[in-house]
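Colleague: Only the shape, not the letters, is given here:
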């Protein structure tokens, strides 16, 4: 999270950067938070690790939500947890028909993270957002498009090339990049204020839930069963 946050800050300062594309060259778009930093610790160290993870999470989400230039996401593989929570914070979201999106928080026994309780509810409505968060069911790229979680659908065979073309088209059609940035600022103004409240409430609960012995055991069981991937999320940026 820190590396991507620093990269976004550098792109914000770079006048040659007109937009940022978040995608993966192959495999998962995002595998969610890496919970291994919370395992195998004494209660005091676990508490400190949970508080540090919550702080880093808040700073990361603020950086994504506050990024002033157009932000395009391309999901061509699995997108889990925090990866899904990030999508409403992007300006354009393209998914392949083979992509899967999932919020596994009910299985983890925690509340959602990344401000998802506000951003996803605002985007999808209470019923659809609640169903995704409470059931933990994985949805396809086509379902994500139908649910209003994506801008467009990509065909897997040419997904990466089509994604680049879509991002370039947005920039080529803009008479002035400053106009795009101003439009984004106006659209995102109310979201950012309410997102901050959601982040505060979520992280306060998450620290408590992450420290619980029941959470520790659930995570171990899911890891042992191969149902959660241990690798850290990876992003390619252009």
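Modeller: Now that the structure is in, tell me what you want to look at. Just so you know, these numbers come straight off a predicted model, no measurement behind them.

Colleague: continuing past the helix or strand hosting residue 207, what's the next helix or strand?
Modeller: With the criterion set as DSSP states H and E, the secondary-structure element containing residue 207 is helix 177-211. Using DSSP H and E, the helix or strand that follows helix 177-211 in sequence is helix 213-224.

Colleague: That following helix - contacts with which helices or strands?
Modeller: With contacts taken as 3 or more Cβ pairs under 8 Å, 6 or more residues apart in numbering; DSSP states H and E, helix 213-224 sits against helix 105-108. The C-beta positions use only the backbone N, C-alpha and C, and glycine is treated the same way.

Colleague: Residues contacting the helix it packs on, please?
Modeller: Applying Cβ atoms under 8 Å, 6 or more residues apart in numbering, the contact partners of helix 105-108 are 81, 111-113, 133-136, 215, 218-219, 222, 227.

Colleague: Equivalent analysis for stretch 64-74, please.
Modeller: Contact with stretch 64-74 is made by 5, 8, 11-12, 17-24, 29, 86-87, 89-95, 115, 154, 159-160, 163, 166-167, 170-171, 177, 180-181, 184-185, 188, 191-192, 195, as judged by Cβ under 8 Å, 6+ apart.

Colleague: Give me the below-cutoff pLDDT ranges for this protein.
Modeller: Judged against pLDDT under 70, the low-scoring parts of the chain cover residues 174-175, 226-238.

Colleague: Can you list the residue ranges for strands in it?
Modeller: The residue ranges that make up the strands of the chain, judged by DSSP state E, are 20-23, 71-75, 78-80, 92-96, 100-102, 139-140, 152-154, 236-237.

Colleague: Let me have those in JSON lines, extended by mean neighbour count.
Modeller: Written out in JSON lines, the entries for the strands of the chain read as follows (neighbours: other Cβ atoms under 10 Å):
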{"stretch": "strand 20-23", "mean neighbour count": "22"}
{"stretch": "strand 71-75", "mean neighbour count": "26"}
{"stretch": "strand 78-80", "mean neighbour count": "24"}
{"stretch": "strand 92-96", "mean neighbour count": "24"}
{"stretch": "strand 100-102", "mean neighbour count": "21"}
{"stretch": "strand 139-140", "mean neighbour count": "19"}
{"stretch": "strand 152-154", "mean neighbour count": "18"}
{"stretch": "strand 236-237", "mean neighbour count": "12"}
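
Colleague: Looking at the ones you listed, spot the one closest to residue 210.
Modeller: The minimum distance between residue 210 and the strands of the chain falls on strand 78-80, with 16.8 Å, by Cβ to Cβ.

Colleague: same for the closest one, what does it pack against?
Modeller: For strand 78-80, the elements it packs on are strand 100-102, judged by 3+ Cβ pairs under 8 Å, 6+ apart.

Colleague: and the strand it packs on, which strands flank it?
Modeller: Counting by DSSP bridges, the strands paired with strand 100-102 are strand 78-80 (parallel), strand 139-140 (antiparallel).
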